[in-house]
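Peer 1: show me the folded form of this:
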Amino acid sequence: MKVQISAIFEVKSWNESPFDEGANLPKLTRANVTKIYSGDIEGMSMTEWLMAYAEDGSATFVGLERVAGTFVGREGSVVLQHVGSFAEGAARGTLTVVHGSGTNDLVAVEGDGSFLADPTGSVSLNLSFV
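Peer 2: Numbering: from 1, shown residues only. Alright, predicted model coming up:
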């Protein structure tokens, strides 16, 4: 059964630090982020992003996020893979459910989606419950 879900999120903590930077090099950083979800997802998440910043302040990022809570009435957690970019005050990206990452009622979930943070956050997922 395929289900379209949407939720909003609030960033509760953001801890970012460079792990490689130098003259004439794009700054590389790591950010550990905690979010609270509401809507079709009720719960919280931990995300680890790796980012490469351009001189103009834009960035490209990849990350992994474990979201735990209730997804349209089903309890458990999933890991989402992020690929995206940040420019002009907004982060946009694609999401993919990591195969085999679901727990409890979400053990066989598959899907993909997108997110937007501008500075409020929203996520849209297309999930298949097998």
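
Peer 1: for the rest of this, base every contact and every neighbour count on C-alpha atoms.
Peer 2: Will do.

Peer 1: what about the strands in the chain?
Peer 2: 2-20, 27-39, 41-53, 59-71, 74-87, 90-97, 109-117, 121-129 (DSSP state E).

Peer 1: list of residues touching the first one?
Peer 2: Counting by CA atoms under 8 Å, 6 or more residues apart in numbering, strand 2-20 makes contact with 27-41, 72, 120-129, all of which sit outside it.

Peer 1: quick one: contacts of the lowest-mean-pLDDT helix or strand in the chain?
Peer 2: Least confident helix or strand of the chain, by mean pLDDT, DSSP states H and E, is strand 121-129 with a mean of 76. Outside strand 121-129, the residues that touch it by CA under 8 Å, 6+ apart are 1-10, 95, 106, 108-116.

Peer 1: at 10 Å what do you get?
Peer 2: If you take CA atoms under 10 Å, 6 or more residues apart in numbering as the criterion, strand 121-129 is touched by 1-11, 35, 37-41, 71, 74, 90-97, 105-117.

Peer 1: burial check on the closest residue to residue 44 other than its chain neighbours, number of neighbours?
Peer 2: Leaving aside its sequence neighbours, residue 44 sits nearest to residue 36 (CA to CA, 6 or more residues apart in numbering; 4.4 Å). Neighbour count of residue 36, defined by other CA atoms under 10 Å: 19.

Peer 1: thank you kindly, that will do.
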